[in-house]
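Enquirer: model the following, please.
(chains A and B)
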Amino acid sequence: GENVEQHPSTLSVQEGDSAVIKCTYSDSASNYFPWYKQELGKRPQLIIDIRSNVGEKKDQRIAVTLNKTAKHFSLHITETQPEDSAVYFCAARAMNTGFQKLVFGTGTRLLVSP
Amino acid sequence: DTAVSQTPKYLVTQMGNDKSIKCEQNLGHDTMYWYKQDSKKFLKIMFSYNNKELIINETVPNRFSPKSPDKAHLNLHINSLELGDSAVYFCASSNDRGYEQYFGPGTRLTVT
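Expert: Residues are numbered from 1 along each chain as shown, chains lettered A, B, ... in the order given. This is a model prediction of the structure:
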């Protein structure tokens, strides 16, 4: 089945710096890759997603890139702010079970220091 | 106007008890899910229902029994609770193709 690896597990940056989180997936049939942000004690919230027919998608300060050949995708946050501090999860939509399910990475704790 | 809601938010109970968690979505989605998030924050799918039909059952002990009375509701009943069941349980919903899953606020279950 699908396996998603996520790196790094923790990331500390200074306010204004950029942050990059990387994920790899194993199932070449996966075609949808969302990113979720989870603040302490809150629900995971969808912040951006990308489908396999595009290589990059941007929404203000966040962007996601996808390399289908290498089976990896990344989240880029520019001009980080303290409120970006949270745990970020990548996921891949697995297709090999006949029904769609999301397989999540293990999460990256991002800390943005003022 | 909450999109996905769950009750209760917190649940503290003793080993061996039976408890239920309820979930409701008002997004008009066809598919609902239960996820378990353990103390290390790993998010793992447990079950998925599409139009009241169970479509995903991920090697979960049969002490866990989901029920979907209609496509807007998905409940989770847990029998004979064990210490290892302590976790945060999230309900989620999406359209029937699985894109854009929206999560409920979570239920923190503590088994003592």
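
Enquirer: got the residues of chain B near chain A?
Expert: Contact residues (Cβ under 8 Å from any Cβ of the partner chain) of chain B with chain A: B:40-45, B:48, B:50, B:55-56, B:90, B:97-106. Where C-beta positions appear, they are placed from N, C-alpha and C, glycine not excepted.

Enquirer: sitting in strands, which of the residues you listed do you find?
Expert: Where the residues of chain B next to chain A overlap with strands, as defined by DSSP state E, the overlap consists of B:43-45, B:48, B:50, B:55-56, B:90, B:102-103.

Enquirer: show me the two of those that sit farthest apart.
Expert: In these, the most distant members under the criterion Cβ to Cβ are B:43 and B:50, with 19.9 Å between them.

Enquirer: so which of these two has more stuff around it?
Expert: For residue B:43 versus residue B:50, the count of surrounding residues by other Cβ atoms under 10 Å in any protein chain shown is larger for residue B:43: 24 against 20.

Enquirer: hey, what's the more buried one bridged with?
Expert: Residue B:43 has the following beta-bridge partners by DSSP bridges: residue B:37.

Enquirer: ok, now which ones touch it?
Expert: The contact partners of residue B:43, by Cβ atoms under 8 Å, 6 or more residues apart in numbering or on different chains, come to A:44, A:89, A:104, A:107, B:35-37, B:90.

Enquirer: hmm, back to that, dump the ones in strands among the residues of chain B next to chain A to a markdown table, plus pLDDT.
Expert: Formatted as a markdown table, these follow (pLDDT from 0 to 100):
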| residue | pLDDT |
| --- | --- |
| B:43 | 94 |
| B:44 | 92 |
| B:45 | 92 |
| B:48 | 91 |
| B:50 | 87 |
| B:55 | 85 |
| B:56 | 84 |
| B:90 | 98 |
| B:102 | 95 |
| B:103 | 97 |
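
Enquirer: returning to what we had before: list just the nearest of the contacts of residue B:43 to residue B:16.
Expert: Distances from the contacts of residue B:43 to residue B:16 were compared by Cβ to Cβ; the smallest belongs to residue B:36, at 19.6 Å.

Enquirer: and the nearest residue to the closest one once chain neighbours are set aside, how far is that from residue B:21?
Expert: Beyond its immediate neighbours in the sequence, the residue positioned closest to residue B:36 (Cβ to Cβ, 6 or more residues apart in numbering or on different chains) is residue B:87, lying 5.0 Å away. For residue B:87, the distance to residue B:21 equals 11 Å [Cβ to Cβ, to the nearest Å].
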